[in-house]
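Participant: any chance you can model this:
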Amino acid sequence: MKPEIYAIQRGRSGWKLSRRDLAAAAALAGVSAMPGCGPGEKPSPGLGGAAHKERVMSLAFGSDGKLLASGSGDGTVKLWSLPEGALLKTLAGGLFVAIGPNGKLMVSGSVDLGVKLWSLPAGALIKAFAGARPPLAISPDGRLLAAGSSENTIKLWSLPEGALLKTLTGHSDGVRSLAISPDGRLLVSGGEDHTIKLWSLPEGAPRKTLTGHSLGLLSVAVSPEGRLLASTSYDNTIQLWSLPDGALLKTLKEDEEAWSVAISPDGRLLASSGRFGTIKLWSLPDGAALKTLTGGTAAVYSVAISPDGKLLASGGGDRTIRLWSLPEGQPLPTCLMDVDASSTDARGIQYTRGGASYTQSCGSPVPADAVCTCNCVPGKQRACPAHVSCSCVGHSGGGSGGGSHYWHPN
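Facilitator: Below you'll find the predicted structure:
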């Protein structure tokens, strides 16, 4: 029999008593084991590899599936190259990220840092938006940004100019999630007032209010053909709605809050992330449960599916980003790590290729045309010996000298 404890949780409607096993209780309390680079800690021989210094709150794929952006509680946005999982760039961006359909623009933001517009793949800052805050959504043509605000409103901005076009009022509490339909004609907002609102675009006129959830919304996602909406809430349910009429089709009951949902490009698969470290795969449109994945040692706050539908990325409270094959749901050994964000015994390599800098875990393959720089720790540079394909760099284990340790492959 599994040891169990009772936990008192605070939800949107008050306090409740719930029974959890020890692992789930640890996740609820924010206690986790030292994060690793993925299932089995492969390919890195060093433990403790993390993508960010704090929890990973959001993920977004680029239009070609070769770029992944992550936003974190540490206030940074990181750009990763796929499929190798190399760190390309770290930006002062905030918790939440969204990438435009053409892959050339990215928005990021947090309550403290505001909202910023970046060019991709360079990661150059284009503009900062005053009065905007997450959640964020970019229209399919890349010309409109929908963002939250501090007044429980939604603001529409032109891109890339950043002109405020309209302010939408209707929610009586904070707006938690936004999504725009593939044809760009419908905006969906999920609020802490328990409601989902549908708005016509570009004019921003209110169309319908959906009232199926009993607690505040967490995430909304629109299917690629624009006829299905998935929503999650603090009420431990995922609800499926038809669009544009807003009819409730099905309610999927969970034993935990689903923090994030994503729909595959073919509209046949739904991924949801859980508070207690799980990811669930569901078939669409019937909502049948397919598989449960262990997504980490703490809450999984975000899931994203690649444009080709073959890759699932997840990020959460253990500071890691994990990759999974779809539709199988098999964990991939790719390790997305930043040595500077990882534990002192984590190891990594850094190399340049085509003018870009890459950081990966030790044991990762290095392209033949890459130049190893061994510069994983800021301010500590050292050229790799000519006879070594690439050395590993990690944090100093302690002492007053600080600096880096270098490991050479056997």
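
Participant: where does pLDDT dip in the stretch 1-150 of the chain?
Facilitator: Applying pLDDT under 70 to the stretch 1-150 of the chain picks out residues 1-49.

Participant: so where do the helices sit in it?
Facilitator: Remark: helices assigned in the stretch 1-150 of the chain by DSSP state H, counting those that start in this stretch are 22-28.

Participant: which stretches in it count as strands?
Facilitator: 4-11, 14-21, 56-61, 67-72, 77-81, 86-91, 96-99, 105-110, 114-119, 124-129, 133-138, 144-148 (DSSP state E, counting those that start in this stretch).

Participant: again with the stretch 201-350 of the chain
Facilitator: Under the criterion DSSP E, counting those that start in this stretch, the stretch 201-350 of the chain contains strands at 206-210, 217-222, 228-233, 237-242, 248-253, 258-263, 269-274, 278-283, 289-294, 300-305, 311-316, 321-325, 330-331, 347-353.

Participant: right, and the strands of the stretch 1-150 of the chain - which one's nearest Ser314?
Facilitator: Between Ser314 and these, the shortest separation by CB to CB is 7.5 Å, and it involves strand 56-61. C-beta: built from backbone N, CA, C; applies to glycine.

Participant: tell me the buried residues in the closest one?
Facilitator: By neighbour count on 16 or more other CB atoms under 10 Å, the buried set for strand 56-61 is 56-61.

Participant: okay, the strands of the stretch 1-150 of the chain in JSON lines with distance to Thr297 next?
Facilitator: As requested, the strands of the stretch 1-150 of the chain are arranged in JSON lines below (distance: least, CB to CB, whole Å):
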{"stretch": "strand 4-11", "distance to Thr297": "17"}
{"stretch": "strand 14-21", "distance to Thr297": "13"}
{"stretch": "strand 56-61", "distance to Thr297": "13"}
{"stretch": "strand 67-72", "distance to Thr297": "16"}
{"stretch": "strand 77-81", "distance to Thr297": "20"}
{"stretch": "strand 86-91", "distance to Thr297": "22"}
{"stretch": "strand 96-99", "distance to Thr297": "23"}
{"stretch": "strand 105-110", "distance to Thr297": "24"}
{"stretch": "strand 114-119", "distance to Thr297": "31"}
{"stretch": "strand 124-129", "distance to Thr297": "34"}
{"stretch": "strand 133-138", "distance to Thr297": "25"}
{"stretch": "strand 144-148", "distance to Thr297": "30"}
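
Participant: still on that earlier bit, would you format the strands of the stretch 201-350 of the chain as TSV with mean neighbour count and distance to Asn102 included?
Facilitator: Converted to TSV, the strands of the stretch 201-350 of the chain look like this (neighbours: other CB atoms under 10 Å; distance: least, CB to CB, whole Å):
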stretch	mean neighbour count	distance to Asn102
strand 206-210	15	27
strand 217-222	25	18
strand 228-233	25	24
strand 237-242	20	28
strand 248-253	14	31
strand 258-263	24	20
strand 269-274	27	24
strand 278-283	21	28
strand 289-294	15	31
strand 300-305	26	17
strand 311-316	27	20
strand 321-325	23	24
strand 330-331	16	30
strand 347-353	23	24
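
Participant: so which of the ones you listed is nearest Gly85?
Facilitator: strand 321-325 (7.1 Å).

Participant: that closest one to strand 56-61, inter-axis angle?
Facilitator: 40 degrees (axes from the mean of the first three to the mean of the last three CA atoms, to 10 degrees).

Participant: list the strands paired with strand 321-325, with their directions.
Facilitator: Its sheet considered, strand 321-325 pairs with strand 311-316 (antiparallel), strand 330-331 (antiparallel) by DSSP bridges.

Participant: CA atoms only for the longest one - export them in PDB, please.
Facilitator: Meaning strand 311-316. Extracted C-alpha coordinates of strand 311-316, given in PDB (Å, rounded to 0.1, in the frame of the first residue of the first chain):
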ATOM      1  CA  LEU A 311       7.000  16.500 -30.900                       C
ATOM      2  CA  LEU A 312       5.600  17.500 -27.500                       C
ATOM      3  CA  ALA A 313       7.500  19.800 -25.200                       C
ATOM      4  CA  SER A 314       6.700  20.100 -21.500                       C
ATOM      5  CA  GLY A 315       8.100  22.400 -18.800                       C
ATOM      6  CA  GLY A 316       7.400  22.900 -15.100                       C
END
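
Participant: mean confidence for it?
Facilitator: Mean pLDDT, strand 311-316: 95.

Participant: could you look up the SS state of Asp173?
Facilitator: coil (DSSP: H, G, I helix; E, B strand; the rest coil).

Participant: may I ask you to confirm that it is in contact with Gly190?
Facilitator: No - Asp173 lies out of contact with Gly190 (CB atoms under 8 Å); the separation is 10.9 Å.

Participant: ok, the two, which is more surrounded?
Facilitator: Gly190 (28 against 14; other CB atoms under 10 Å).

Participant: show me what the helix or strand encompassing the more buried one is packed up against.
Facilitator: Taking DSSP states H and E as the definition, Gly190 sits inside strand 186-191. Contacts defined by 3 or more CB pairs under 8 Å, 6 or more residues apart in numbering; DSSP states H and E place strand 186-191 against strand 175-180, strand 196-200, strand 217-222, strand 228-233.

Participant: now the ones you listed in CSV, with mean pLDDT and distance to Pro206?
Facilitator: Below are the helices and strands packed on strand 186-191 laid out as CSV (pLDDT from 0 to 100; distance: least, CB to CB, whole Å):
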stretch, mean pLDDT, distance to Pro206
strand 175-180, 96, 13
strand 196-200, 98, 6
strand 217-222, 97, 16
strand 228-233, 97, 16
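
Participant: right, and these - which one's nearest Gly315?
Facilitator: strand 217-222 (13.7 Å).

Participant: rewinding a little: could the strands of the stretch 201-350 of the chain go into TSV alongside distance to Ala50?
Facilitator: Listed next are the strands of the stretch 201-350 of the chain as TSV, based on distance: least, CB to CB, whole Å:
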stretch	distance to Ala50
strand 206-210	38
strand 217-222	24
strand 228-233	26
strand 237-242	29
strand 248-253	31
strand 258-263	19
strand 269-274	18
strand 278-283	18
strand 289-294	17
strand 300-305	14
strand 311-316	11
strand 321-325	9
strand 330-331	17
strand 347-353	11
